[in-house]
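Asks: got a predicted structure here, sequence first:
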Amino acid sequence: MRKLEIVIRPEKLESLKALLDENNVNGLMITNIMGYGHQKGHKKYYRGAEYNVNLLPKVKVETIIHKEIAEPLIDKIVAEIQTDTYGDGKIFVYDVEDVVRIRTGEHGSDAV
């Protein structure tokens with residue numbers, strides 16, 4: 001199994017949720033986060049004065065999927081979410097050793 005942590009622009013959340021639903025991905029955790037990448041934010045102007053905005057709003061979506069569908073799903077997510085501009089986000093991929101459903105005690109794929 002794989003854990004995907006997908007960090008995206010907030011306005012892309014609905015597109016991502018629809019894509020995950022189309023691919024039968026069950027179970028999401030969504031968190032509003034703030035952060036920056038290589039650019040360290042961007043400059044804004046207020047009444048002629050320049051100031052830096054270095055923490056930008058992002059959304060983190062976490063899910064566990066079967067190993068076999070990880071790579072094709074990641075390719076679909078990138079194709080759907082990317083705008084070819086800075087700040088599109090990142091996908092972090094982790095191996096998951098086991099999953100336990102607390103309610104039933106099921107392990108592994110049955111718990112996903």
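Replies: That came through fine. Predicted model only: the values in this text are computed from it and were never measured.
Asks: which strand of this protein spans the most residues?
Replies: Longest strand of the chain, by residue count under DSSP state E: strand 56-65.
Asks: mind listing the strands it pairs with, and their directions?
Replies: With DSSP bridges as the test, strand 56-65 is paired with strand 2-8 (antiparallel), strand 29-35 (antiparallel).
Asks: would CSV of those with mean pLDDT be doable?
Replies: Supplementary listing: those in CSV, determined by pLDDT from 0 to 100:
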stretch, mean pLDDT
strand 2-8, 97
strand 29-35, 94
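Asks: and the ones you listed, which is most packed in?
Replies: strand 2-8 (a mean of 19; mean count of other CB atoms under 10 Å). The C-beta positions use only the backbone N, C-alpha and C, and glycine is treated the same way.
Asks: okay, that one in CSV with CA atoms only?
Replies: Only the C-alpha atoms of strand 2-8 are listed here, as CSV (Å, rounded to 0.1, in the frame of the first residue of the first chain):
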residue,chain,number,x,y,z
ARG,A,2,1.0,3.6,-0.5
LYS,A,3,0.2,6.8,1.3
LEU,A,4,-0.1,9.9,-0.8
GLU,A,5,0.3,13.3,0.7
ILE,A,6,-0.9,15.7,-2.0
VAL,A,7,-0.2,19.4,-1.4
ILE,A,8,-2.1,21.7,-3.8
